[in-house]
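Colleague: Attaching a predicted model along with its sequence, questions to come.
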Amino acid sequence: MKRSTLSALLAVVLAAGGVPALAQDAQVFQDRALVSVRSVHGDGNFVSWRLLGSDAADVAFDVYRDGRKVNSSPVTTATSYLDTGAPATASYVVRPVTGGVEPAAATRPVGTLATSRDVPLQIPGSGYVANDTSVGDLDGDGEVEIVLKWDPADAKDNSQAGRTGNVYLDAYKLNGTRLWRIDLGRNIRAGAHYTQFQVFDYDGDGRAEVAVKTADGTRSGTGQVIGNANADHRNADGYVLTGPEFLSVFRGTDGAVLDTENYLPPRGNVASWGDSYGNRVDRFLAGTAYLDGSRPSIVMARGYYTRSVIAAWDFRGGQLTHRWTFDSAAQSDRAAWEGKGNHQLSVADVDGDGRDEIIYGSMAIDDNGRGLWQNNTHHGDALHVGDFIPARPGLEVFKPSEWTTEVTHWMGDARTGQITWSAPVCGCDNGRAVAADIWAGNPGAEAWSASVGGLRSAATGAQVSARKPGSINFVVWWDGDVQRELLNGTTIDKYGPNGDTRLLTGSGVASNNGTKSTPALSADILGDWREEVIWRTSDNRALRIYSTTEPTSIRRPSLMEDRQYRVAVAFQNTGYNQPPHPSFASP
């Protein structure tokens with residue numbers, strides 16, 4: 001859904017008391033998510049909390065340290081406060097102030113963290129690596145929990161033969177309490193393209209569920225076994241090309257199976273996906289989309305190099321119901337719809353009808369499961385959908401191409417797929433690209449990619465700075481201005497035309513997914529509107545959460561209240577992870 005500027009978004013928020021296209025599970029994010037962190041500048045405790053879309057326009061805040069108010073007048077310019085000179089042992093609560101009056105209710109008290117927060121983990125066994133995560137309120141207590149995927153040391157790319165260890169999904173509270181562990185079993189191969197999991201409140205009961213592909217031998221968090229516990233469908237090369245496939249929804253509180261159905265899209269004839277040995281048939285993607293405009297649906301997809309099949313499911317009243325399936329092979333002009341997919345998908349309301357579409361690389365699928373557009377380009381390794389050009393109506397898509405005979409990267413209209421500008425054919429595989437507002441020296445967002453020089457205007461494609469950012473990976477709102485920063489590996493940098501400035505280097509942590517160098521998660525989960533970064537510790541014994549302590553004068557509701565951003569956090573773990581983009585643009 002288009003939000004042309006941040007100012008327009010805030011006007012709607014303050015006038016109407018809410019954000020259009022609110023996520024169904026936004027009630028999870030109605031907690032103030034108060035956090036106190038020792039300032040990296042050594043000048044005290046940085047206390048930060050959420051502004052809610054439902055807050056009154058004139059809401060202000062009082063900050064209490066150990067029961068004593070520390071602000072001389074209510075905080076109005078931002079939802080953060082630097083408590084200068086405060087001890088590291090201090091505990092805080094925050095109270096909203098409306099019309100000069102404090103209500104009885106206050107936030108949960110929080111202690112002060114060091115420069116980061118550790119969530120202790122329970123390693124499944126030797127060689128296991130903490131991989132991607134997602135968040136949701138699993139138990140309905142108003143605070144987020146973390147769902148973590150554990151990969152064995154022998155995880156494989158689809159192109160590689162060999163058996164792998166089992167994949168596990170764990171759920172943790174932020175204090176390190178493990179709620180449950182799901183063992184996906186021997187018939188789910190380990191690797192970046194196999195297990196794509198979604199964490200979301202699909203049935204509207206105030207507690208998030210977990211949706212994931214399962215198989216014979218998957219064991220739930222309460223010990224239930226799906227299918228045949230003794231079945232082993234792995235062939236001599238470690239691929240699983242026979243046997244049943246399932247889609248299961250697990251309860252967030254204890255990991256119990258709520259429903260299991262045959263997985264769609266099915267495997268069928270392995271060769272119909274582009275090869276016969278098991279590479280392309282098992283390229284999976286997943287997402288969450290508001291296909292009816294009001295309730296979230298599960299999206300499961302298979303294939304993108306040639307044939308692409310996307311299936312939508314609803315989970316209501318404890319049951320999975322198939323909504324629709326799009327199959328590129330079933331289209332009358334099949335060749336036009338083949339090979340469009342990426343190593344990830346995106347979800348957004350691209351046509352402004354209040355219902356989400358699936359942006360599947362170089363094509364979009366409408367909310368009813370019919371092809372909306374394809375623009376005669378093909379597979380790529382990165383995908384960004386957002387309001388990158390505030391001066392034009394609607395959302396945009398920015399994408400590089402792996403095809404050496406196509407434009408190197410392109411910016412297009414997300415509603416029609418029409419390319420507004422592109423870079424000439426380079427005869428290369430352009431493997432990385434990003435679009436985001438990272439530099440105040442250019443209006444709107446910028447775009448850059450691995451195989452094209454310079455920093456480009458998202459509006460025109462013209463070079464606005466000869467110097468390209470030092471990384472082409474994630475972006476994150478970290479410092480106090482409206483621009484995003486560069487997140488790559490275990491560092492955060494501020495772009496500048498003469499050089500990047502280091503803002504954070506994670507200590508004792510590691511990034512995920514090899515050369516992709518992605519975090520376990522980057523999202524607005526604590527404190528004010530800026531984003532947290534979660535990395536695994538180098539020994540895999542904890543997840544380390546970093547939250548900014550940079551001052552800001554910007555007052556903005558939680559990004560998680562924006563529907564497009566919320567579902568982007570849900571599908572962030574899918575394939576080649578991409579940063580979440582909201583539906584609105586910064587001014």
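Modeller: Sure thing, it's come through. Numbering: from 1, shown residues only.
Colleague: how about residue 44, what does it touch?
Modeller: By Cβ atoms under 8 Å, 6 or more residues apart in numbering, the contact set of residue 44 is 38, 82-86. Glycine gets a C-beta too; all of them are placed from N, C-alpha and C.
Colleague: Could you pick out the buried ones from these?
Modeller: With neighbours counted by 16 or more other Cβ atoms under 10 Å, the contacts of residue 44 contain buried members at 38, 82-83, 86.
Colleague: I'd say residue 108 and residue 91 touch.
Modeller: No: using Cβ atoms under 8 Å, residue 108 is not in contact with residue 91, being 10.4 Å away.
Colleague: thought residue 386 was touching residue 581?
Modeller: Yes: between residue 386 and residue 581 there is a contact at 3.5 Å, judged by Cβ under 8 Å.
Colleague: shared neighbours, these two?
Modeller: 436, 564.
Colleague: between the contacts of residue 44, which is nearest residue 138?
Modeller: For the contacts of residue 44, the minimum distance to residue 138 (Cβ to Cβ) is 28.8 Å, reached by residue 38.
Colleague: Kindly provide the distance from the nearest residue to residue 373 once chain neighbours are set aside to residue 374.
Modeller: Nearest non-adjacent residue to residue 373, counting by Cβ to Cβ, 6 or more residues apart in numbering: residue 417, 3.7 Å away. Remark: distance between residue 417 and residue 374 (Cβ to Cβ, to the nearest Å) = 6 Å.
Colleague: shared neighbours of these two, which are they?
Modeller: Taking Cβ under 8 Å, 6+ apart as the criterion, residue 417 and residue 374 both touch 362-364.
Colleague: Can you add pLDDT and give the residues you listed back as TSV?
Modeller: Output for those, formatted as TSV (pLDDT from 0 to 100):
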residue	pLDDT
362	99
363	99
364	99
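Colleague: Next step: those residues restricted to strands.
Modeller: 363-364 (DSSP state E).
Colleague: Tabulate the shared contacts of residue 417 and residue 374 in TSV, adding columns for distance to residue 346.
Modeller: Formatted as TSV, the shared contacts of residue 417 and residue 374 follow (distance: Cβ to Cβ, whole Å):
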residue	distance to residue 346
362	12
363	12
364	9
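Colleague: now, among the shared contacts of residue 417 and residue 374, which is nearest to residue 56?
Modeller: Of the shared contacts of residue 417 and residue 374, the one sitting nearest to residue 56 (Cβ to Cβ) turns out to be residue 364, at 38.2 Å.
Colleague: So for that closest one, what's the nearest residue that isn't a sequence neighbour?
Modeller: Nearest to residue 364 is residue 372, by Cβ to Cβ, 6+ apart, at 4.3 Å.
Colleague: Which of the helices or strands spans that neighbour?
Modeller: Here residue 372 sits within strand 371-374, counting by DSSP states H and E.
Colleague: I'd like to know which elements the helix or strand that that strand is followed by is packed against.
Modeller: Following strand 371-374 in sequence order, the next helix or strand is strand 384-386 (DSSP H and E). Strand 384-386 sits against strand 346-348, strand 396-400, strand 433-436, with contacts defined as 3 or more Cβ pairs under 8 Å, 6 or more residues apart in numbering; DSSP states H and E.
Colleague: any weak-confidence spans in the protein?
Modeller: Along the chain, segments meeting pLDDT under 70 span 1-29, 587.
Colleague: So which of the buried ones among the contacts of residue 44 belong to helices?
Modeller: Using DSSP state H, no member of the buried ones among the contacts of residue 44 sits in helices.
Colleague: and which of those is nearest to residue 455?
Modeller: For these, the nearest to residue 455 is residue 82 (32.5 Å; Cβ to Cβ).
Colleague: and that closest one, what does it touch?
Modeller: Counted by Cβ under 8 Å, 6+ apart, residue 82 has contacts 39, 43-47, 551.
Colleague: what separates it from residue 38, distance-wise?
Modeller: In terms of Cβ to Cβ, residue 82 sits 11 Å off from residue 38.
Colleague: How about residue 522?
Modeller: 21 Å.
Colleague: thinking again about what came up before, looking at the buried ones among the contacts of residue 44, spot the one nearest residue 293.
Modeller: Each of the buried ones among the contacts of residue 44 was checked against residue 293 using Cβ to Cβ; the closest is residue 82, at 41.3 Å.
Colleague: Roughly how far does the closest one sit from residue 40?
Modeller: 12 Å.
Colleague: Same check on residue 283?
Modeller: Relative to residue 40, and taking Cβ to Cβ, residue 283 is found at 41 Å.
Colleague: the more surrounded of these two?
Modeller: With neighbours defined as other Cβ atoms under 10 Å, residue 283 and residue 40 compare such that residue 283 has more, 20 against 14.
Colleague: thought that one was touching residue 307?
Modeller: No: using Cβ under 8 Å, residue 283 makes no contact with residue 307, being 10.1 Å away.
Colleague: Can you work out which residues contact both of those two?
Modeller: In contact with both residue 283 and residue 307: residue 273, using Cβ under 8 Å, 6+ apart.
Colleague: count of neighbours near residue 389?
Modeller: By other Cβ under 10 Å, 23 other residues sit near residue 389.
Colleague: For this protein, which segments are assigned as helices?
Modeller: Under DSSP H, the chain gives helices at 6-16, 334-337, 563-570.
Colleague: returning to what we had before: how about the helices and strands packed on strand 384-386 in CSV, adding distance to residue 504 and mean neighbour count?
Modeller: CSV is the format used below for those (distance: least, Cβ to Cβ, whole Å; neighbours: other Cβ atoms under 10 Å):
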stretch, distance to residue 504, mean neighbour count
strand 346-348, 27, 28
strand 396-400, 26, 28
strand 433-436, 17, 26
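Colleague: Format those strands as JSON lines; extra columns: distance to residue 537.
Modeller: Shown next, in JSON lines, are these (distance: least, Cβ to Cβ, whole Å):
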{"stretch": "strand 346-348", "distance to residue 537": "30"}
{"stretch": "strand 396-400", "distance to residue 537": "32"}
{"stretch": "strand 433-436", "distance to residue 537": "27"}
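Colleague: quick one, which of the ones you listed is nearest to residue 53?
Modeller: Nearest to residue 53, of the helices and strands packed on strand 384-386 and by Cβ to Cβ, is strand 346-348 at 19.0 Å.
Colleague: Which strands and helices lie in contact with that closest one?
Modeller: Strand 346-348 packs on strand 284-289, strand 357-359, strand 384-386, helix 563-570, going by 3+ Cβ pairs under 8 Å, 6+ apart.
Colleague: Out of those, which gets nearest to residue 172?
Modeller: Short answer: helix 563-570, nearest of the helices and strands packed on strand 346-348 by Cβ to Cβ, at 16.8 Å.
Colleague: and the direction of that closest one versus that of strand 284-289, what angle?
Modeller: 150 degrees (axes from the mean of the first three to the mean of the last three Cα atoms, to 10 degrees).
Colleague: How about residues contacting helix 563-570?
Modeller: Contacts for helix 563-570 (Cβ under 8 Å, 6+ apart): 1, 21-23, 25-26, 134-135, 198-200, 287-290, 296, 346-349, 356, 385-386, 521, 523-524, 559-560, 578, 580-583.
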